[in-house]
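Undergrad: Pasted the sequence and its predicted model underneath.
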Amino acid sequence: MFTAFLIKYAEIGVKGKNRYLFENALVQQIKYALKKCDGEFAVRKTDGRIYVDAVSEFDYEETVAALQKVFGISGICPMVYVEDEGFEKLGKTVVDYIGKVYPDRHKTFKVAARRARKNYPLNSMEMNMELGGLILDAYPEMRVDVHKPDIMLNVEVRDKIYIYSEIIPGPGGMPVGTGGKAMLLLSGGIDSPVAGWMIAKRGVKIDAVYFHAPPYTSERAKQKVVDLAKKVAAYTGPIYLHVINFTDIQLYIYDKCPHDELTIIMRRYMMRIAEHIARETECLGLITGESIGQVASQTMHSLMATNEVCEMPVYRPLIGFDKMEIVDISERIDTYETSIQPYEDCCTIFVAKHPVTKPNLNIIRKHEHNLEEKIEELVQKALDEDEVIIVR
Ligand code: ATP
Ligand code: MG
């Protein structure tokens, strides 16, 4: 029955004279998202609004699901367009609309008519009254409530007449591409995909880096990270995933440094390498899935130690979240099932029985001196062998 969608956007509506940039980015993202759907669509910006018109048959469920992944959309209103063929015809259409969309009629409603075209024979008050009356006649179980109606029936007289009443929630946020780019440290865990999703939701384009340690971590573990990147890319558009072979660096640290400091020193090298790639790819920051106190490497002391090696801002959107809250989001964005697949990650293999929880920076720096001889060469080699996978 529906042939179009009115796209509601919240925050980008308030961006002053840059508003058009945000709207154009949103139109771009919507077009990109709809490419994957069956059917053809036209996306248009008219009267400070964005409409998606279906210009062929289309799959309603699939289309709504795709739009629900476009950041910047706060609501999706499925619409019916009708030609203006007189008020009587409109009345029939509206009654028919209610009949089809609300099979359970024990609901309150309000008609909200609007005329963009003032030459329509009835004014909006009259339209509200007349249409409301027709609905009550047709469905005696229904009742009018002008303050808190279950159904707000919008009828807008424009080039055609637009009828809509449902608002399907969108993901909110801002269109990807309006906020620069950041480098996500993406592991196979639950947290980092959620962290990337959260920053992307603010309009930021995402690239990612994964530290792989073959043969200690398997090809399957790497595939899991690619799969996770794909889930995130459903929201963000293509992600350039850098796979860095971290094995030699890890073994070298394992060889030269106290094992209880291994994780911290390893994390410091991950951050250094990530920042290096971030700089080369014009990213403006790093993103991690850290949350205070979750594990030994995420105490305030440990975070200070890993943060120290970075010059770029490190965004940690989950920093104050409990695990359960993170799991909730990961279920909602559909990364959870992939994240809990049981493939080893490079941190778990070299992890000490009793990792330090309060690393002393001076001691960490001192132990990193043990690496002087070969570490630069190993880091360079890892960077040279960076494998870039474009994940869509
Ligand atoms: P996650 O669930 O994201 O794996 P975690 O709770 O396992 O997080 P850590 O292993 O301490 O936490 O890692 C902290 C953060 O460091 C991760 O959220 C991620 O951003 C980054 N990270 C850890 N391991 C890797 C890796 N192998 N490749 C890329 N980034 C990593
Ligand atoms: Mg992890």
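TA: Yep, it's here. Ligands and ions are numbered 1, 2, ... in the order given.

Undergrad: Do a quick rundown of the strands in the stretch 51-200 of the chain.
TA: Secondary structure of the stretch 51-200 of the chain (DSSP state E, counting those that start in this stretch): strands located at 75-82, 108-115, 143-144, 151-157, 161-164, 168-169, 181-185.

Undergrad: Which pLDDT value belongs to residue 294?
TA: Per-residue pLDDT puts residue 294 at 88.

Undergrad: And it, how far from ligand 2?
TA: 10 Å (CB to the ion, to the nearest Å). C-beta coordinates here come from the backbone N, C-alpha and C atoms, glycine included.

Undergrad: One more: residue 114?
TA: 52 Å.

Undergrad: next one: residue 249
TA: With distances taken as CB to the ion, residue 249 is found 17 Å from ligand 2.

Undergrad: repeat for residue 42
TA: From residue 42 over to ligand 2 the distance is 44 Å, taken as CB to the ion.

Undergrad: can you give me phi and psi for the residue in the stretch 51-200 of the chain that ligand 2 sits nearest to?
TA: Proximity of the stretch 51-200 of the chain to ligand 2 (CB to the ion) peaks at residue 189, 3.4 Å away. With angles defined as degrees, to the nearest 10, residue 189 sits at phi -80, psi -170.

Undergrad: count of neighbours near it?
TA: Residue 189: 20 surrounding residues under other CB atoms under 10 Å.

Undergrad: Now it. Nearest residue, chain neighbours left out?
TA: Counting by CB to CB, 6 or more residues apart in numbering, residue 339 is the residue found nearest to residue 189 once chain neighbours are left out, at 6.0 Å.

Undergrad: ok, that neighbour - contacts?
TA: Residue 339 makes contact with 188, 189, 190, 193, 228, 330 under the criterion CB atoms under 8 Å, 6 or more residues apart in numbering.

Undergrad: mind putting these in JSON lines, pLDDT included?
TA: Output for the contacts of residue 339, formatted as JSON lines (pLDDT from 0 to 100):
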{"residue": "188", "pLDDT": "93"}
{"residue": "189", "pLDDT": "95"}
{"residue": "190", "pLDDT": "97"}
{"residue": "193", "pLDDT": "98"}
{"residue": "228", "pLDDT": "98"}
{"residue": "330", "pLDDT": "98"}
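
Undergrad: are any of these buried, and which?
TA: Among the contacts of residue 339, those classed as buried by 16 or more other CB atoms under 10 Å are 188, 189, 190, 193, 228, 330.

Undergrad: Which member of those is positioned nearest ligand 1?
TA: Of all those, ligand 1 sits closest to residue 189, with 2.1 Å by CB to the nearest ligand atom.

Undergrad: I figured that closest one was touching residue 289, is that so?
TA: Yes: using CB atoms under 8 Å, residue 189 is in contact with residue 289, at 6.6 Å.
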